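Peer 1: Any chance you could fold what I've pasted below:
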Amino acid sequence: LRSAPFFDVFLLVMSFAASALRTTQQRAQAVCARVVPKRAYGAPADGPPPVDYPWMAPSEPSRWKSEHVVFTVLAGWAVGLSAAKAAFGGGKKEEKK
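Peer 2: Prediction:
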């Protein structure tokens, strides 16, 4: 018995689709391996992994994430500027005549 021509075309299409799917999956895996970072944000590849929160290692700022360092520096500047304004701002003084 000879198979129907439709069945031959169907098998050809399915084999092409399977090989295309395998090729696409392999390419996607290769791209993901290059794109997906292996370490956390801003962590040097040769250094220790950063801590999740600064209070887990408060005496080791080198292990903090860079975002935490930025927030700490900005908070320090805000405290310093508000203290300077309070100390040297003076405000309006009433003059008595």
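
Peer 1: Check P44 and give its pLDDT.
Peer 2: The score at P44 is 62. That number is its pLDDT.

Peer 1: scratch that, F6
Peer 2: On the pLDDT scale, F6 gets 72.

Peer 1: and the gap between it and P61?
Peer 2: According to Cβ to Cβ, to the nearest Å, F6 and P61 sit 70 Å apart. From N, CA and C alone the C-beta is placed, and that goes for glycine too.

Peer 1: who has more neighbours, those two?
Peer 2: P61 (11 against 8; other Cβ atoms under 10 Å).

Peer 1: surely the more buried one meets V73?
Peer 2: No. Counting by Cβ atoms under 8 Å, P61 does not reach V73; the two are 10.2 Å apart.

Peer 1: Which parts of the chain are strands?
Peer 2: Here the chain has no strands by DSSP state E.

Peer 1: could you point out where it is predicted with low confidence?
Peer 2: 1-3, 32-47, 90-92, 97 (pLDDT under 70).

Peer 1: Show me which helix runs longest in it.
Peer 2: When the chain is parsed with DSSP state H, its longest helix is helix 5-35.

Peer 1: Tell me the buried residues in that one?
Peer 2: For helix 5-35, a neighbour-count test (16 or more other Cβ atoms under 10 Å) marks nothing as buried.

Peer 1: name the helices or strands packed onto that helix?
Peer 2: For helix 5-35, there is no helix or strand it packs on, judged by 3 or more Cβ pairs under 8 Å, 6 or more residues apart in numbering; DSSP states H and E.
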